[in-house]
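1. Just need the structure, nothing else, for what follows:
(one chain, ligands or ions: 1)
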Amino acid sequence: MFGCSEEPAIKGKDGKKQLIVGFSQIGAESSWRTAETESIRSEAKARNIELKFSDAQQKQENQIKALNAFIAQGVDAIILAPVVETGWEPVLRNAKKRNIPVILVDRGVKVSDESLYTTLVGTDFVLEGRLAAEWVVEKTGGKANIVELEGTPGSSAAIDRQKGFSEIIAKHPNLKVIQSQTGEFTRAKGKEVMEAFLKSSTNKIDLVFAHNDDMALGAIQAIEEAGQKPGEDIIIISIDGVKGAFEAMVAGKLNCTVECNPLLGPVAFDAVERAVAGETVEKRIMIEDKVFDQSVAKELIGGRKY
Ligand code: GYE
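-> Numbering: from 1, shown residues only. Alright, predicted model coming up:
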């Protein structure tokens, strides 16, 4: 046989070169995260994009290793959900050197040079914290002893939600955060920390603010085991808006959730395709949040997609 084909080895159904995208996911700590993973996997499939998936088990070093492996393999683009904010510059510089666009999903990074990533697709965590606090002000009339279950230390989700929440709470002298500790965004740790709060607190706990629904669901269990009624004796508000939170609201055990949409696949891959095509992509692609409380839970639970 003579000659050689000009065509690329791998082709998509539509005859275009099939894109190869590496996705470095944080782990599977919450139902939110599982929904995000599923959204990215299924959107890759729908677009006939080959997805190389890597689960970092909550460790930044695993994410850095995965990214370097994607870069060495010469992927067309990288999707990164960064577990923490800092420490990304060297690996992002490697990607930039090889002209591989990096699309951040849900959490942000702190870098001195913003050109090290293409865009951040996700919600506004500071706003979510503020929305939660505004609901607390309204619900309590500005007087409550609050305990806070924080997300993963060093993550933009935990840092910014706390920032937004405390900004509003600080304006109300009778709203006091009496204890605050990380529950690492998991149900098990949320339960454990809530148990410790209930045991050690000398003041009555009026309200729990959890940085995600899973920790609130853990706290609900702890409160019940301590013989109190979650949602009544202790008010509970969290962030995400997952199905489990809606179920808990319908059962009267959770009072409110601030939505944070995890279905980022379609928007993330739009950004990937535009970046690969050499188009300019805006630095921030914002996904909107809404507040849902018990009063609307029953009516809306059937339509929830995650
Ligand atoms: O709220 C939480 C998760 O980064 C927005 O991480 C995400 C957060 C989400 O595990 O449930």
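2. OK, contacts around the residue most central in space within the chain?
-> For the chain, D106 is the residue whose C-alpha lies nearest the centre (C-alpha atoms, centre = their mean; 5.2 Å). D106 is in contact with 36, 81, 121-123, 157, 262, 264, counting by C-beta atoms under 8 Å, 6 or more residues apart in numbering. For the C-beta atoms, the positions are set from N, CA and C on the backbone; glycine is no exception.
3. Quick check, pLDDT for it.
-> Per-residue pLDDT puts D106 at 95.
4. Quick check: the gap between it and V272.
-> Counting by C-beta to C-beta, to the nearest Å, the gap from D106 to V272 is 15 Å.
5. Bridged to V147, which residues?
-> Q179, V208 (DSSP bridges).
6. which residues touch the residue nearest to I220 when sequence neighbours are not counted?
-> Nearest residue to I220, sequence neighbours excluded (C-beta to C-beta, 6 or more residues apart in numbering): P230, at 4.3 Å. Going by C-beta under 8 Å, 6+ apart, P230 touches 219-220, 223-224, 236, 253-254.
7. before we move on, what about R107?
-> Contacts for R107 (C-beta under 8 Å, 6+ apart) come out as 26, 81-83, 85, 122, 155-157.
8. ok, now I235?
-> By C-beta under 8 Å, 6+ apart, the contact set of I235 is 139-140, 144, 206-208, 255.
9. Let's see that with 6 Å instead.
-> Residues near I235 by C-beta atoms under 6 Å, 6 or more residues apart in numbering: 207, 255.
10. and it, that's in a helix?
-> No - counting by DSSP: H, G, I helix; E, B strand; the rest coil, I235 is located in no helix; its state is strand.
11. how many other residues sit next to Q18?
-> The number of residues packed near Q18 is 16, by other C-beta atoms under 10 Å.
12. One more: the one 4 residues further on?
-> For G22, the neighbour count with other C-beta under 10 Å is 24.
13. Name the residues of the helix or strand containing A44 that come out as buried.
-> Following DSSP states H and E, the helix or strand that holds A44 is helix 31-46. Neighbour counts over helix 31-46 (16 or more other C-beta atoms under 10 Å) mark 31-37, 39-40, 43-44 as buried.
14. How is the chain partitioned into domains?
-> Here the domain assignment for the chain is 20-121+262-286, 125-260, based on automatic domain parsing.
15. Please give the centre-to-centre distance between the first one and its chain.
-> A distance of 13 Å separates the C-alpha centroid of domain 20-121+262-286 from that of its chain, computed with C-alpha atoms, centre = their mean, to the nearest Å.
16. can you tell me the distance between the two ends of it?
-> For domain 20-121+262-286, the first-to-last residue distance is 25 Å (C-alpha to C-alpha, to the nearest Å).
17. where does this structure have low pLDDT?
-> Within the chain, the stretches with pLDDT under 70 are 1-15.
18. residue ranges of the helices in it, please?
-> With DSSP state H applied, the chain shows helices at 31-46, 60-73, 89-97, 125-140, 156-169, 187-200, 213-225, 243-250, 265-276, 294-300, listed in chain order.
19. Packed most tightly, which of the ones you listed would that be?
-> helix 213-225 (a mean of 24; mean count of other C-beta atoms under 10 Å).
20. Report how many residues lie close to the residue nearest to S200 when sequence neighbours are not counted.
-> Excluding the flanking residues, the one nearest S200 by C-beta to C-beta, 6+ apart is Q179, at 7.6 Å. If you count neighbours by other C-beta under 10 Å, Q179 ends up with 18.
21. How about the residues of the protein by the ligand?
-> By C-beta under 6 Å from any ligand atom, the residues of the chain that approach the ligand are 29-30, 32-33, 106-107, 157, 185, 212, 214, 239-240, 260.
22. Among these, which one sits closest to I71?
-> For the residues of the chain next to the ligand, the residue nearest I71 by C-beta to C-beta is R107; the value is 20.3 Å.
23. Nearest spatial neighbour of that closest one, chain-adjacent residues omitted?
-> Spatial nearest neighbour of R107, chain neighbours left out: S156 (4.6 Å); criterion: C-beta to C-beta, 6+ apart.
24. residues making contact with stretch 54-71?
-> 22, 24-27, 78, 83-84, 91, 94-95, 98.
25. Next step: these restricted to strands.
-> With DSSP state E as the criterion, strands contain 22, 24-25, 78 from among the contacts of stretch 54-71.
26. Fine, thanks again, bye for now.
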